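Student: next comes the sequence, and after it the predicted model I'd like to discuss.
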Amino acid sequence: MGSIDKVRLTSGKILKALRIRFGYTQKDVSGAINISVSNLSALENDKRNLGVELAAKFSVLYGTRIESLLFPNGLKAMKGYNALIKKIEKLKEVA
């Protein structure tokens, strides 16, 4: 495995990388999606959780899938994923 495999992606890291890739300033982005620069900074530094509504706005702004912003490491990396799958399998056995 390469060193990139050890990097854990976060919504904030992705938001910042997209903003930089598009050449936008924090002021540009905050104005476009109607949030404060300090709020955007908190999101980009993972000091605030990204909610669905803001994720949708960023998704439209950057032309990316909302899932990649909400679950940057995929659904399988979500806390409780394995327990959820086991419960679903038990439900299917009963049905």
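Tutor: Okay, I see it.
Student: could you tell me how many residues sit around the residue lying closest to residue 72 once chain neighbours are set aside?
Tutor: Nearest residue to residue 72, sequence neighbours excluded (Cβ to Cβ, 6 or more residues apart in numbering): residue 9, at 3.9 Å. All C-beta spots, glycine's among them, are computed from the backbone N, C-alpha and C. Number of residues near residue 9 (other Cβ atoms under 10 Å) recorded here: 14.
Student: likewise residue 40?
Tutor: 25.
Student: need the contact partners of the strand or helix carrying it.
Tutor: Residue 40 is part of helix 37-44 when elements are defined by DSSP states H and E. Applying Cβ atoms under 8 Å, 6 or more residues apart in numbering, the external contacts of helix 37-44 come out as 11-13, 15-16, 19, 26-27, 29-30, 48, 50, 54.
Student: distance between that helix and the chain's centre?
Tutor: Computed by Cα atoms, centre = their mean, to the nearest Å, the separation of helix 37-44 from the middle of its chain amounts to 14 Å.
Student: now do the buried residues in stretch 50-63.
Tutor: 50, 54-55, 57-59, 61-62 (16 or more other Cβ atoms under 10 Å).
Student: what residues of the helix holding residue 40 count as buried?
Tutor: Of all the residues in helix 37-44, those buried under the rule 16+ other Cβ under 10 Å are 39-40, 43-44.
Student: give me the contact list for the lengthiest helix in the chain.
Tutor: In the chain, with assignment by DSSP state H, the single longest helix is helix 81-94. With contact meaning Cβ under 8 Å, 6+ apart, helix 81-94 is reached by residue 75.
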